[in-house]
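Peer 1: With the sequence up front, the predicted model follows.
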Amino acid sequence: MNQRQILAFRLAMRHGSITAAAQTLNVSQPAVSRLIADLEQAIGFSLFLRQGGKIQPTPEAIQFQQEVERMYYGFDRLKQAANEIKDLRRATLHISTMPMVSFEIVPATLKRFLDEHRGIRVTHNVHTSSRIVDMMTSRQLDFGLAQTHVERRDIDIIASYRSYCVCVMPKDHPLAGLSSIGPRDLKDEPMVALAHHTVTANYVTQSFASAGITPSIAMESQPSYSACGLAAVGIGVAIVDPFTPKIFGDRLATVPFEPEIPFDFHLIKPAEIPITRAAEGFADALVRTLAEIPGLEVFTP
């Protein structure tokens, strides 16, 4: 018994004719008759009664057909499953990103990605960069965006992006009208500092030290949207990434900081694990979204 014989039988049952089955298979009528005869010999009972050029299914043929249809239903389900896997409709994607890209960049990317891959199941969580890297190294995530030291060997960096920090303050702040702000402008000015363990905080500390200025820290806060919220109510000037202030609209004035403080972030995945097709699709959508952002540079660490 082979699949060709089963197919010939199935088509003969469906069409009620050897001739019609042969036409569907694009073979001769004797070839279909031979296939069915070989099948009958293999299974040990007759499938059709031949009467004047017509065929009449035997009761055994009707019982056998039920099993054949179940088999083909299984094949159809396999084909459907294969198509769903190919089109990522059965895929799952676990990503985590730091807050500054989670307000606009990631939602825009997910919209683009899900429009192209409907049915995929995505889990997106927002964490600090250090938490994202920890989850990545323990292989809880497929993909992440975070600030991290590039010399790490337990993660793979797919792409790196650079922007530059800005100062934020209320619109009516005396410094709001400047074209740029440096450490000397902030001497004795109350400041909201990002947590000391962050990459940006280290750059800020170095910048002020190089200028011989000791910043006046009113508060320390993390992440950037918290620092922006505190700056918006006048607690102090904050030096943050250039993306987060946009969600505060007219509540904040934004002024470039000089000398430039880079705000770098990286697309990362677990080391030594091939990227999944779902993660690859999301990464492609993300790269396209990031390419549309003015002032954002791609760089090689």
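Peer 2: Here it is on my side, so go on. All values derive from a computational prediction rather than experimental measurement.
Peer 1: check contacts around residue 254.
Peer 2: Going by Cβ atoms under 8 Å, 6 or more residues apart in numbering, residue 254 touches 166-168, 242, 245. The C-beta positions use only the backbone N, C-alpha and C, and glycine is treated the same way.
Peer 1: name the element residue 218 belongs to?
Peer 2: According to DSSP states H and E, residue 218 maps onto strand 216-221.
Peer 1: if we can go back for a sec, I'd like to know which of the contacts of residue 254 are buried.
Peer 2: 166-168, 242, 245 (16 or more other Cβ atoms under 10 Å).
Peer 1: Just the closest of the contacts of residue 254 to residue 38, please.
Peer 2: Residue 38 lies nearest to residue 242 out of those, by Cβ to Cβ, at 74.5 Å.
Peer 1: what helix or strand is residue 72 on?
Peer 2: helix 59-86.
Peer 1: in that helix, what counts as buried?
Peer 2: Buried-residue list, helix 59-86, by 16+ other Cβ under 10 Å: 61, 64-65.
Peer 1: can you pull out the helices in the stretch 101-250 of the chain?
Peer 2: 105-116, 129-137, 199-210, 224-232 (DSSP state H, counting those that start in this stretch).
Peer 1: export the ones you listed to a markdown table and tack on distance to residue 15, mean pLDDT and mean neighbour count?
Peer 2: Output for the helices of the stretch 101-250 of the chain, formatted as a markdown table (distance: least, Cβ to Cβ, whole Å; pLDDT from 0 to 100; neighbours: other Cβ atoms under 10 Å):
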| stretch | distance to residue 15 | mean pLDDT | mean neighbour count |
| --- | --- | --- | --- |
| helix 105-116 | 41 | 91 | 17 |
| helix 129-137 | 57 | 90 | 19 |
| helix 199-210 | 71 | 90 | 17 |
| helix 224-232 | 67 | 94 | 23 |
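Peer 1: out of the ones you listed, which comes closest to residue 270?
Peer 2: helix 129-137 (5.5 Å).
Peer 1: Quick one: residues in contact with that closest one.
Peer 2: The contact list for helix 129-137, computed with Cβ under 8 Å, 6+ apart, reads 96-98, 127, 141, 144-148, 152, 154-155, 197-199, 265, 268-271.
Peer 1: run the last query once more with 10 Å
Peer 2: Under the criterion Cβ atoms under 10 Å, 6 or more residues apart in numbering, residues 94-100, 125-128, 140-149, 152, 154-156, 197-199, 223, 265-266, 268-271 lie in contact with helix 129-137.
Peer 1: what's the model's confidence in stretch 235-251, averaged?
Peer 2: Averaging pLDDT along stretch 235-251 gives 94.
Peer 1: From start to finish, how long is that stretch in a straight line?
Peer 2: 13 Å (Cα to Cα, to the nearest Å).
Peer 1: How far off centre is that stretch?
Peer 2: 27 Å (Cα atoms, centre = their mean, to the nearest Å).
Peer 1: again, but for stretch 140-152
Peer 2: 14 Å.
Peer 1: and that stretch, which residues are buried?
Peer 2: In stretch 140-152, counting by 16+ other Cβ under 10 Å, buried: 141-148.
Peer 1: do the same with stretch 33-43
Peer 2: Those would be 33, 35-36, 39-40, for stretch 33-43 by 16+ other Cβ under 10 Å.
Peer 1: Understood, closing this out.
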